[in-house]
Every structure is written in C-alpha cells, then in structure tokens.
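Visitor: Prediction below, plus the sequence it came from.
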Amino acid sequence: MGTVTPLRTKEEPLYPGVAEAPRYSCALGGAYMATLATFGAVPILHSGAGCGMAQNFGQNFAAGLNDAGPQGNTSTPCSCLVEEHAVFGGEDKLRALIKSTIELVRGDLFAVISGCVPALIGDDVAAVVKEFRKDVPIIHVNTAGFLGNSYKGYEQFLEAVIDQLLEPLPAVRRQVNLLGIVPFQHVFWKGDLQAIKTLLEKIGLKVNMIFTENNGLEALRSIPAAELNLVFSPWSGVGVARKLEEKFGTPYAVIPSVPVGPKDTTAFLRFLARRLRLRRSSVEKVIAAEEHRAYRFSEYMAAISTMALPNAYTAIVADAGTAIGLTRYGSNELGWLPEIVIITDNPPEEFHAEIVRRLTEGLESAVKPEVYFEIDSHKIRLLLREHTVQLILASSLEKHIAVDELNAMQVSVAFPVYDRLIVDRTYAGYRGGLALMEDVAYKYGGPL
Ligand code: SF4
C-alpha cells in the first residue's frame with residue numbers, strides 16, 4: 001500500500017479558524033437547496049436578506065451554473081431581518097410573512113428555514129410555525145449557519161421532515177429511498193439520482209429519489225414505506241438513515257459512492273440482489289445486457305484513452321463520495337494511477353479511516369494515492385504543487401493551478417463548478433464512465 005495521510009496538512013493556517021474558499025455554504029444554504037429540490041415545496045427564509053441571495057452565487061450557481069428554480073433566489077419569501085428585529089424580535093414579522101406566503105404562493109409544503117439572526121436573538125420559530133400547521137403542511141428547519149455547512153443543512157432538512165411531517169407506514173417490499181446525494185452540493189445530483197433510479201427499476205425495485213420526484217410532498221411522505229434506505233456517501237446522509245432506522249425501523253446500507261462504470265455498478269447490483277433477496281437470474285440478465293453495451297461502447301474510446309492518457313497520474317480534489325467513485329473507476333477500469341486525493345467536504349473525524357480505506361484498498365493500480373482531508377483552497381494548491389500529475393479531476397477553483405502551474409489537464413467534477421453547465425450530466429452507472437471519458441477527452445482536445 002502506498003502512503004496514506006497525513007489527515008491534515010502539516011502547516012498551521014495563516015489565520016487560525018479561517019479557511020480560504022471552503023467548498024460549501026452554510027447550513028441554511030443546504031436546507032434551502034434541499035427545499036428547492038423538493039418539487040412543490042416553498043422555502044420561507046427567516047434571516048437577513050443577504051442569507052438567501054448569497055446562496056445564488058455561493059450555492060446553486062456554483063453547482064454547474066445552475067439556477068435555483070421557480071421558488072429560488074429573488075422569488076423566495078424572506079423576513080429580511082434588520083437591527084430593529086435584533087432588538088425587538090422577529091416573530092411578528094415571520095408570522096405575517098408565513099400568512100401572506102400561504103395566501104399568495106401555490107405550494108404543497110412550506111419550509112421555514114431560520115438562520116443565524118433568529119437563533120441569536122432567541123425567536124421561537126417553532127411555535128410560530130406550529131400556529132399554521134392546521135392550515136397547510138409546514139415544517140421548521142433550524143439552520144443557524146454557525147451550526148454547520150451545506151451537508152449539515154441537507155441533513156437538518158430531512159430530519160425536520162422526519163420529526164414534523166412523517167407518519168409510520170407499512171414497509172413495501174423492494175421499495176428503497178436514495179439518500180446522501182446532496183442537491184446542488186453534489187454537482188451531478190440530478191443526473192446521479194435519475195441514473196440510479198432508472199438502473200434500480202430495471203432490477204425490479206420501486207425507487208424514491210425524493211428530490212426532483214414530480215410530487216415532492218408525496219415522495220417525502222412515502223419515505224417510511226421503504227424496505228431499505230440507500231446512502232450514497234461514506235458519511236453524508238448516514239445520520240438521516242440512522243434516524244429513520246430509530247423512528248421507523250428501516251434498515252440502511254451505506255454505498256460509499258455513486259458507482260461509476262461497469263465494475264462498481266455490477267458489484268452494487270449484486271449487493272442489492274443479496275440484500276433484498278431478488279431473483280438472481282433476473283438481476284444477472286440486466287447486468288449482462290448493461291455490461292455488454294458499456295464495454296462495446298468503450299471500444300469507441302479505446303484510441304483516445306490509450307493514446308491521450310495511458311496510465312495517467314491523476315489528482316482528485318472532491319467530496320468523499322465523488323472522490324471514491326472516480327478514483328476507483330480511473331484505477332480499475334482505465335488504468336490511471338491515482339497519485340493524490342484531497343477530500344474537501346469536511347467529513348466528521350469518525351468517518352476518516354473508512355474513507356481512506358475506500359480510497360486505497362481494492363484498487364488495481366500499482367500506485368495508491370496519498371489521501372488528505374483539507375477544506376482550505378490555498379492549502380489545496382500547496383498540496384497539488386508537490387505532485388506531478390497529468391490529469392486533475394477537481395472543482396473549477398483548481399483550473400488555473402492545473403493549467404498555469406502544473407501543466408495538467410483539469411476537468412471540473414466537484415463543487416464549486418463555475419466553468420461548465422451541469423443539468424442532467426452524470427458519471428453514475430454503466431454509462432457514467434463513458435461520459436467521464438467524453439469530458440476528459442474534450443479537455444485533451446484531440447491530436448489536431
Ligand atoms: S452563516 Fe448565518 S448569516 Fe451567513 S448566510 Fe448562513 S445563515 Fe445567513
């Protein structure tokens with residue numbers, strides 16, 4: 001095994017407690033984006049006016065130049081708290097805002113998301129929200145930004161749904177929920193969810209991807225009916241799955257990454273066949289057909305992958321799930337040599353060892369990556385400078401160091417992405433590896 005770790009860069013930060021350009025927003029941003037990703041849900045921000053607008057460029061636009069949808073940005077009702085509310089409280093203003101929103105905006109579910117100011121001044125937001133529960137489906141998500149980042153906000157949104165909206169339901173055989181893919185924060189979230197749903201439906205599962213389902217409220221309410229919850233991240237969403245297990249008895253499985261390419265996708269389907277006691281022959285039939293197509297089509301990229309990037313030394317700078325999926329695909333199916341992986345989503349310490357294990361064990365390449373956990377963009381630059389690589393799969397923040405300093409190709413695959421539009425793109429599943437190679441080869445530009 002190659003060198004693993006250090007888990008943190010050795011240098012002390014220039015300004016202790018401050019990180020340059022971390023790759024996520026605050027908890028309010030995560031809950032706000034999760035609400036916008038739930039079709040039919042209307043966010044109501046109880047915060048300063050800037051809290052919502054900051055998410056435009058800081059969260060949704062940074063997710064592959066995405067807009068926030070019909071209820072986002074300037075269309076989002078906000079209490080726009082100012083000094084007066086810090087002194088006298090903002091509850092009356094929130095009450096009036098909820099009332100007018102319910103009257104004026106058509107929605108199936110209203111989500112009141114409260115930020116730092118109401119948390120600091122002690123507004124009883126939960127009590128105000130409760131006054132409206134007899135009229136409409138409404139939840140309160142307490143996301144004081146200082147409590148955590150976007151990943152935390154995603155979990156807080158689903159935890160509020162579990163606590164305030166969901167009722168027990170009988171488990172439906174072969175029904176699963178997809179968790180752990182954080183809207184906008186995982187830049188391929190829409191395509192990933194749809195690709196996994198389509199794939200799992202082929203093996204006979206009923207799949208609730210929650211976000212972007214046509215009826216968001218119904219999708220949320222059917223969460224307790226799942227036979228199994230699938231978490232597509234080594235850590236993000238695990239807390240939600242644990243809560244669902246405690247409250248409704250639904251077991252869960254952690255899939256460390258969205259599977260990329262035939263090998264990991266086949267392993268994932270076989271795992272599900274065992275776990276859900278599916279008819280093995282039916283699952284194998286799907287696997288055979290999908291593998292045949294994926295490998296037949298990979299022959300069309302044989303020349304470019306062997307001539308342009310034979311055994312390329314790679315650097316990956318991404319959230320843990322994306323990094324695991326791409327490292328494994330590059331190493332096990334393309335022959336790339338993973339030189340360095342930098343994890344940028346700040347997973348809790350308890351998950352570090354498992355993430356490192358997933359990034360270093362089960363790789364077919366001779367080279368095993370050095371693994372770092374780092375959120376500071378300046379320190380990430382310093383780490384990359386220590387390595388010679390040909391390809392950097394990262395955020396668009398690494399674009400200039402790749403081109404100007406390291407003479408390497410760079411493809412933006414992780415938050416933030418400001419240099420490409422990502423709407424329905426995905427690297428998930430059997431065809432995902434081909435899509436990745438298309439994007440990499442586009443950067444290569446061809447021999448002419
Ligand atoms: S950290 Fe607090 S003040 Fe800043 S945007 Fe988030 S909720 Fe608003």
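Guide: On my side now, so go ahead. Note that the coordinates shown come from a computational prediction; the quantities given were computed from them, not determined experimentally.
Visitor: Now do the same for Val317: helix, strand or coil?
Guide: strand (DSSP: H, G, I helix; E, B strand; the rest coil).
Visitor: Tell me, how many residues neighbour whichever residue of the stretch 201-350 of the chain sits closest to the ligand?
Guide: Closest contact between the stretch 201-350 of the chain and the ligand, by CB to the nearest ligand atom, is at Asn346 (15.1 Å). Backbone N, C-alpha and C define where each C-beta goes, glycine included. Asn346: 19 surrounding residues under other CB atoms under 10 Å.
Visitor: likewise Ala27?
Guide: Neighbours of Ala27 under the rule other CB under 10 Å: 28.
Visitor: hang on, it packs against Phe157?
Guide: No - using CB atoms under 8 Å, Ala27 is not in contact with Phe157, being 9.4 Å away.
Visitor: Quick one: residues contacting the residue of the stretch 201-350 of the chain closest to the ligand.
Guide: Neighbour list for Asn346: 22, 24, 149, 151, 373, 375 [criterion: CB atoms under 8 Å, 6 or more residues apart in numbering].
Visitor: out of everything not next to it in sequence, what's closest to Thr344?
Guide: Arg23 (4.6 Å; CB to CB, 6 or more residues apart in numbering).
Visitor: Could you measure from the one you found over to the ligand?
Guide: According to CB to the nearest ligand atom, to the nearest Å, Arg23 and the ligand sit 15 Å apart.
Visitor: neighbours of that residue, just the number please.
Guide: By the criterion of other CB under 10 Å, Arg23 has 24 neighbours.
Visitor: And what about it, helix, strand or coil?
Guide: Following three-state DSSP, Arg23 is assigned to coil.
Visitor: Val176 - how many residues pack around it?
Guide: Val176 has 25 nearby residues by other CB under 10 Å.
Visitor: How far off centre is the one helix or strand it maps to?
Guide: Here Val176, judged by DSSP states H and E, is contained in strand 175-179. Strand 175-179 sits 15 Å away from the centroid of its parent chain (CA atoms, centre = their mean, to the nearest Å).
Visitor: on that earlier part again, phi first, then psi, for the residue of the stretch 201-350 of the chain closest to the ligand.
Guide: Main-chain dihedrals, Asn346, degrees, to the nearest 10: phi 60, psi 50.
Visitor: pLDDT score for it?
Guide: The score at Asn346 is 96. That number is its pLDDT.
Visitor: With Thr38 instead?
Guide: pLDDT, Thr38: 98.
Visitor: One more: Tyr430?
Guide: At Tyr430, pLDDT is 97.
Visitor: can you tell me how far it sits from Met409?
Guide: From Tyr430 across to Met409, the span is 25 Å (CB to CB, to the nearest Å).
Visitor: out of the two, which sits in the busier spot?
Guide: Tyr430 (27 against 22).
Visitor: Verify the contact between that one and Gly261 for me.
Guide: Yes - using CB under 8 Å, Tyr430 is in contact with Gly261, at 7.2 Å.
Visitor: what is in contact with the two at once?
Guide: Shared contacts of Tyr430 and Gly261, counting by CB under 8 Å, 6+ apart, come down to Ala294.
Visitor: Averaged pLDDT, stretch 135-147. What do you get?
Guide: 91.
Visitor: ok, it near the ligand or not?
Guide: Yes - Stretch 135-147 reaches the ligand (CB under 6 Å from any ligand atom) through Gly145.
Visitor: what about that stretch, how long is it end to end?
Guide: Distance across stretch 135-147, first residue to last, is 30 Å (CA to CA, to the nearest Å).
Visitor: Which residues of the protein lie near the ligand?
Guide: 26, 28, 47-48, 51, 54, 115-116, 145.
Visitor: So which of these wins on neighbours?
Guide: In terms of neighbours by other CB under 10 Å, these top out with Leu28 at 31 neighbours.
Visitor: Could you export the helix or strand following the strand holding Val176 as CSV, CA atoms only?
Guide: Downstream of strand 175-179, the next assigned helix or strand under DSSP H and E is helix 189-202. C-alpha atoms of helix 189-202 as CSV (Å, rounded to 0.1, in the frame of the first residue of the first chain):
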residue,chain,number,x,y,z
TRP,A,189,-27.1,15.3,-8.2
LYS,A,190,-29.9,15.4,-10.7
GLY,A,191,-28.3,13.1,-13.2
ASP,A,192,-27.0,10.8,-10.5
LEU,A,193,-30.4,10.3,-8.8
GLN,A,194,-32.1,9.7,-12.1
ALA,A,195,-29.4,7.2,-13.4
ILE,A,196,-29.6,5.2,-10.2
LYS,A,197,-33.4,5.2,-10.2
THR,A,198,-33.6,4.0,-13.8
LEU,A,199,-31.0,1.3,-13.1
LEU,A,200,-32.7,0.0,-10.0
GLU,A,201,-36.1,0.0,-11.6
LYS,A,202,-34.6,-2.4,-14.2
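Visitor: how near is Glu83 to Thr314?
Guide: 51 Å.
Visitor: of those two, who's got more company?
Guide: Using other CB under 10 Å as the criterion, Glu83 and Thr314 rank with Thr314 on top: 29 against 7.
Visitor: For the strand holding Val176, which outside residues touch it?
Guide: Applying CB under 8 Å, 6+ apart, the contact partners of strand 175-179 are 158, 193, 196-197, 200, 205-210, 222-223, 225-232, 237, 240-241, 244, 252, 276.
Visitor: Among these, name the ones in helices.
Guide: If you go by DSSP state H, those have 158, 193, 196-197, 200, 240-241, 244 in helices.
Visitor: what two of the residues you listed are the furthest from one another?
Guide: Leu158 and Leu200 (19.9 Å; CB to CB).
Visitor: Contact partners for the residue in the chain that the ligand sits nearest to?
Guide: Closest to the ligand within the chain is Gly145: 2.3 Å, counting by CB to the nearest ligand atom. Gly145 is in contact with 26-29, 51, 115-116, counting by CB under 8 Å, 6+ apart.
Visitor: how about 7 Å then?
Guide: 26-28, 115-116 (CB atoms under 7 Å, 6 or more residues apart in numbering).
Visitor: Quick one: those as JSON lines, columns for secondary structure, pLDDT and distance to Gln185 too.
Guide: JSON lines is the format used below for these (DSSP: H, G, I helix; E, B strand; the rest coil; pLDDT from 0 to 100; distance: CB to CB, whole Å):
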{"residue": "Cys26", "secondary structure": "strand", "pLDDT": "95", "distance to Gln185": "12"}
{"residue": "Ala27", "secondary structure": "helix", "pLDDT": "96", "distance to Gln185": "12"}
{"residue": "Leu28", "secondary structure": "helix", "pLDDT": "97", "distance to Gln185": "13"}
{"residue": "Gly115", "secondary structure": "coil", "pLDDT": "95", "distance to Gln185": "18"}
{"residue": "Cys116", "secondary structure": "helix", "pLDDT": "94", "distance to Gln185": "19"}
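Visitor: Nice, that's everything, thank you.
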